[in-house]
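Asker: Compute the structure for the input listed below.
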Amino acid sequence: MTTNTNSGTPEYVHEHTPRLDWARHAPDVYKAMVRLDAAARQGVDPVTYELVKIRASQINHCAFCVDMHSKDALAAGESVERIVQLAAWDESKHFYTEKEVAALALTEAITVLTDGFVPDDVYEEAARLYDEKELTQLIAAITTINAWNRFGVTARMVAGHYKPVGAK
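Answerer: Below you'll find the predicted structure:
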């Protein structure tokens with residue numbers, strides 16, 4: 001175990017500068033994304049929705065979105081333990097419901113398209129647990145957070161400053 005022998009506050013690496021304020025330069029695109037996000041979340045369980053957003057953001061290395069959605073989930077009452085376990089959900093499935101596990105598997109399959117398609121077994125398990133409307137909305141939610149992540153990562157949005165609605 002490493003012990004910090006320095007007294008006082010550690011000196012952290014300073015923040016990077018965002019590359020681009022994409023929402024300011026493309027406000028119509030940003031507004032369209034907000035509308036898409038609102039439409040995609042319709043009918044998706046709010047807890048599952050946050051878990052999916054955090055997991056996709058982890059996979060895509062979008063620190064801004066991981067920060068935002070983890071804070072939103074905590075503010076909504078999600079446990080720290082379940083959020084922390086998302087990085088290894090497939091080895092800690094006992095923290096999640098059967099539907100959440102299927103949603104997380106589908107999130108990974110849609111987010112990482114290295115095989116060029118979503119595997120049949122992953123899709124079939126989600127389809128077994130979600131009706132067609134729920135499944136369609138879940139797919140839309142996963143696709144939408146992936147789009148947000150690509151804006152966030154490309155623009156190098158800075159994590160750490162987001163405050164959930166109603167936070168002090």
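Asker: Where does the prediction get shaky in this structure?
Answerer: Within the chain, the stretches falling below the threshold (pLDDT under 70) are 1-7, 167-168.
Asker: repeat that with 50
Answerer: For the chain, residues meeting the criterion pLDDT under 50 lie at 1-2.
Asker: All the helices of it, in order from the start?
Answerer: In the chain, helices defined by DSSP state H lie at 22-25, 27-41, 46-59, 63-75, 80-85, 98-111, 120-129, 132-155, listed in chain order.
Asker: what's the neighbour count on Tyr30?
Answerer: Number of residues near Tyr30 (other Cβ atoms under 10 Å) recorded here: 15. (C-beta placed from N, C-alpha, C; glycine too.)
Asker: Which residues are in contact with Val47?
Answerer: For Val47, the contact set (Cβ atoms under 8 Å, 6 or more residues apart in numbering) comprises Ala73, Ala76, Glu78, Glu100.
Asker: Any quick ChimeraX command for the buried ones out of those?
Answerer: Command for ChimeraX, covering only those of these found buried under the criterion 16 or more other Cβ atoms under 10 Å:
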select :73,78,100
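Asker: can you put the contacts of Val47 in TSV and add distance to Lys93?
Answerer: Output for the contacts of Val47, formatted as TSV (distance: Cβ to Cβ, whole Å):
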residue	distance to Lys93
Ala73	18
Ala76	22
Glu78	17
Glu100	9
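Asker: Farthest pair within the contacts of Val47?
Answerer: When the contacts of Val47 are compared pair by pair using Cβ to Cβ, the farthest-apart members prove to be Ala76 and Glu100, with a separation of 14.5 Å.
Asker: Export only the CA atoms of stretch 82-97, formatted as CSV.
Answerer: Once non-C-alpha atoms are left out, stretch 82-97 reads as follows in CSV (Å, rounded to 0.1, in the frame of the first residue of the first chain):
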residue,chain,number,x,y,z
ARG,A,82,-23.8,-0.1,-8.0
ILE,A,83,-22.2,2.8,-9.9
VAL,A,84,-18.7,1.6,-9.0
GLN,A,85,-19.5,-2.0,-10.1
LEU,A,86,-20.6,-0.8,-13.6
ALA,A,87,-17.1,-1.0,-14.8
ALA,A,88,-17.2,-4.8,-14.1
TRP,A,89,-20.9,-5.4,-14.2
ASP,A,90,-20.5,-8.8,-16.0
GLU,A,91,-18.5,-10.1,-13.0
SER,A,92,-20.9,-8.5,-10.5
LYS,A,93,-24.3,-9.2,-12.0
HIS,A,94,-25.7,-9.8,-8.5
PHE,A,95,-25.8,-6.1,-8.0
TYR,A,96,-28.4,-5.6,-10.8
THR,A,97,-31.8,-6.9,-11.9
